[in-house]
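Chemist: heads up, no residue letters with this:
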Ligand code: FA5
Ligand code: MG
């Protein structure tokens with residue numbers, strides 16, 4: 001199990017969110033700077049790029065089959081976020097270094113999958129009033145303690161989607177062929193596309209990407225086909241719109257745009273099997289757009305829909321919006337600057353024209369980890385890991401976030417070594433201070449940097465170098 005936090009019991013007051021009060025305890029690690037993002041609901045502002053992106057994707061998952069929803073309240077139980085979905089007790093996602101806890105039983109959701117069970121239950125409740133609605137999309141803000149750079153922000157937005165089919169109630173495995181044939185009719189009704197999609201792996205791999213053999217048979221090939229065709233179609237629609245916008249913004253330039261390249265890769269999630277990720281080749285690199293898979297039957301059993309089978313996916317809205325609108329920095333989504341907001345119109349995909357880019361101000365902080373660090377702990381500090389027995393890289397990021405807020409563009413580990421004699425470990429992080437809206441003075445950056453240095457000493461007992 002995840003080790004309980006070592007800090008002394010918290011003396012914090014209750015936390016108020018959306019008119020409700022939550023007790024705090026030694027698990028609480030959500031700062032006010034994060035809480036202040038709750039309730040913005042950017043995806044509801046019609047002229048905001050996240051709302052435009054949401055609508056474009058929802059249009060690919062229309063009614064009456066799919067209901068399109070959003071979830072306002074980000075506070076969920078650890079049961080909803082983890083247990084129901086089959087996260088093992090030692091899964092790193094449960095750790096306080098990765099997740100914002102309100103208290104031991106309550107977190108800010110780390111993904112929209114926290115609502116899967118509720119939406120499956122809704123499909124069951126509406127079985128007679130809205131029998132065609134066997135799928136859904138849901139958009140929501142999600143929260144993660146993570147790295148700081150132009151594509152990571154502690155608050156971002158996901159869209160989850162799922163689609164279920166009914167199976168015979170008795171011995172569904174004996175009727176797998178019939179179910180598969182029925183599902184293939186739905187696959188055939190998805191409009192074809194002519195983009196070449198790389199999909200080198202078998203749909204099911206016994207070790208790497210197993211079928212849930214106790215519950216599923218050949219229907220899974222049909223469901224996988226439906227899932228993949230639906231998501232390919234959505235991604236192709238998005239990228240076709242993006243290239244149209246690019247062409248419109250520079251009409252006389254010869255479009256030396258590369259053709260769209262899309263590929264499927266095997267993946268792992270505790271709540272789907274088999275699972276896949278969809279990647280798009282964008283500006284020289286494969287970019288992960290979404291994760292998806294065949295829903296674990298145990299979740300359907302515990303969500304009042306035991307006689308159904310289906311797929312689910314989860315995607316990052318910012319990631320898609322950044323591609324669609326050519327938005328270079330994820331912090332911009334939160335900007336209230338009219339130079340940003342005035343560039344977007346409901347229903348229109350356009351190229352973002354950066355207003356002037358202000359200068360970067362790089363400052364390094366180097367420190368020795370506390371000597372209590374065992375000499376054996378010399379593991380290289382690759383990004384995103386535990387950097388000492390008491391410090392996780394995300395904890396360093398959190399100090400930078402709390403002090404520097406949106407004035408920090410990115411933080412990178414630039415040096416790490418172990419002193420050959422003392423065995424002490426030294427780290428150096430480079431912080432890039434840059435406002436999106438104005439030029440920072442060197443004094444301002446120095447002041448922030450000093451506070452970050454002092455906080456590293458006060459909270460982790462590091463020795464500054
Ligand atoms: C999940 O969150 C799963 N819940 C997705 C899922 C749903 C799988 C249903 C299967 C069935 P993951 O952590 O990979 O998976 O995030 C999903 C997507 O969110 C990513 O593909 C990416 O597009 C986006 N994403 C993840 N982390 C970030 C981040 N820090 N900033 C922006 N987007 C992110
Ligand atoms: Mg992923």
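Modeler: Structure received. Everything numeric here is computed off the predicted structure, so don't read it as measured data. Ligands and ions are numbered 1, 2, ... in the order given.

Chemist: ok, now which ones touch the residue most central in space within the chain?
Modeler: With distances taken as Cα atoms, centre = their mean, residue 316 lies nearest the centre of the chain, 5.3 Å away. By Cβ atoms under 8 Å, 6 or more residues apart in numbering, the residues touching residue 316 are 156-158, 289-290. Every C-beta, even on glycine, is put in place using the N, C-alpha and C of the backbone.

Chemist: Which strand or helix spans the spatially closest residue to residue 446 that is not a sequence neighbour?
Modeler: Leaving aside its sequence neighbours, residue 446 sits nearest to residue 363 (Cβ to Cβ, 6 or more residues apart in numbering; 7.6 Å). Residue 363 is part of strand 361-368 when elements are defined by DSSP states H and E.

Chemist: Just name whatever secondary elements that strand is in contact with.
Modeler: Judged by 3 or more Cβ pairs under 8 Å, 6 or more residues apart in numbering; DSSP states H and E, the packing partners of strand 361-368 are strand 425-433, helix 442-460, strand 463-464.

Chemist: Could you confirm residue 343 falls within a helix?
Modeler: No. Looking at residue 343 with DSSP: H, G, I helix; E, B strand; the rest coil, it is coil, so not inside a helix.

Chemist: hang on, the residue nearest to residue 446 packs against residue 433?
Modeler: Yes. The pair residue 363 / residue 433 is scored as a contact, 6.6 Å apart, by Cβ atoms under 8 Å.

Chemist: where does the stretch 151-300 of the chain dip in pLDDT?
Modeler: 252-258 (pLDDT under 70).

Chemist: Can you name the residue of it nearest ligand 1?
Modeler: Proximity of the stretch 151-300 of the chain to ligand 1 (Cβ to the nearest ligand atom) peaks at residue 291, 3.5 Å away.

Chemist: now for the helix or strand in which residue 401 is found, which elements pack on it?
Modeler: Using DSSP H and E, residue 401 sits within helix 393-404. In terms of contacts (3+ Cβ pairs under 8 Å, 6+ apart), helix 393-404 is packed against strand 408-418, strand 425-433, helix 442-460.

Chemist: Go through the ones you listed and name the closest to ligand 1.
Modeler: The nearest among the helices and strands packed on helix 393-404, by Cβ to the nearest ligand atom, is strand 408-418 at 12.9 Å.

Chemist: State the distance from the closest residue to residue 415 other than its chain neighbours to residue 136.
Modeler: Using Cβ to Cβ, 6+ apart and skipping the chain neighbours, the partner closest in space to residue 415 is residue 428 (4.0 Å). Using Cβ to Cβ, to the nearest Å, residue 428 is found at 47 Å from residue 136.

Chemist: Show me which of the two is the more surrounded one.
Modeler: residue 136 (24 against 15; other Cβ atoms under 10 Å).

Chemist: how far does the strand or helix carrying the more buried one sit from the chain's center?
Modeler: Remark: residue 136 resides in strand 135-143, with elements defined by DSSP H and E. Counting by Cα atoms, centre = their mean, to the nearest Å, strand 135-143 is centred 11 Å from the centre of its parent chain.

Chemist: which bits of the stretch 201-350 of the chain sit near ligand 1?
Modeler: When proximity is defined by Cβ under 6 Å from any ligand atom, the stretch 201-350 of the chain lies next to ligand 1 at 269, 272, 288-293, 312-316, 318-319.

Chemist: ok, back up a step: who does the residue nearest to the centre of the chain bridge with?
Modeler: For residue 316, the beta-bridge partners under DSSP bridges are residue 158.

Chemist: Need the pLDDT of it.
Modeler: Each residue has a pLDDT score; the one for residue 316 is 96.

Chemist: What separation do you get for it and residue 333?
Modeler: Relative to residue 333, and taking Cβ to Cβ, residue 316 is found at 12 Å.

Chemist: Can you add neighbour count and distance to residue 12 and give the contacts of residue 316 back as a markdown table?
Modeler: Formatted as a markdown table, those follow (neighbours: other Cβ atoms under 10 Å; distance: Cβ to Cβ, whole Å):
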| residue | neighbour count | distance to residue 12 |
| --- | --- | --- |
| 156 | 19 | 26 |
| 157 | 25 | 28 |
| 158 | 22 | 28 |
| 289 | 21 | 38 |
| 290 | 23 | 36 |
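
Chemist: quick one, strands of the stretch 201-350 of the chain?
Modeler: Chain-ordered strands for the stretch 201-350 of the chain, with DSSP state E, counting those that start in this stretch as the definition, fall at 262-269, 272-282, 285-295, 308-316.

Chemist: The stretch 1-150 of the chain too?
Modeler: According to DSSP E, counting those that start in this stretch, the strands that the stretch 1-150 of the chain contains are 15-17, 20-22, 66-70, 75-77, 101-103, 106-108, 135-143.

Chemist: Bridged to the residue nearest to residue 415, which residues?
Modeler: Bridge pairing for residue 428 - DSSP bridges - gives residue 366, residue 415.

Chemist: what sits against it?
Modeler: Applying Cβ under 8 Å, 6+ apart to residue 428 gives the contacts 364-367, 413-416, 465.

Chemist: For PyMOL, write the select line for the buried members of those residues.
Modeler: Entered in PyMOL, the line below selects the buried ones among the contacts of residue 428, by 16 or more other Cβ atoms under 10 Å:
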select buried, resi 365+366+367+413+416
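
Chemist: Which pair of the contacts of residue 428 spans the longest distance?
Modeler: 413 and 465 (14.5 Å; Cβ to Cβ).

Chemist: if we can go back for a sec, show me which of the residues of the stretch 201-350 of the chain next to ligand 1 are buried.
Modeler: Here, 16+ other Cβ under 10 Å leaves 269, 272, 289-293, 312-316, 318-319 buried among these.

Chemist: Is residue 185 within a helix or a strand, and which one?
Modeler: Secondary structure assigned from DSSP H and E places residue 185 in helix 176-188.

Chemist: Run through who's touching that helix.
Modeler: In this structure, residues lying in contact with helix 176-188 by Cβ under 8 Å, 6+ apart are 165, 167-168, 172, 216-219, 221-223, 225-226, 229, 309.

Chemist: Of the contacts of residue 316, which is the nearest to residue 398?
Modeler: Once Cβ to Cβ is applied, the member of the contacts of residue 316 that ends up nearest residue 398 is residue 156, at 16.1 Å.

Chemist: what's the nearest residue to the closest one if we skip its chain neighbours?
Modeler: residue 318 (5.0 Å).

Chemist: thought the one you found was touching residue 155?
Modeler: No. The criterion here is Cβ under 8 Å, and residue 318 misses it with residue 155 at 9.7 Å.

Chemist: Identify the contacts common to those two.
Modeler: In contact with both residue 318 and residue 155: no residue, using Cβ under 8 Å, 6+ apart.
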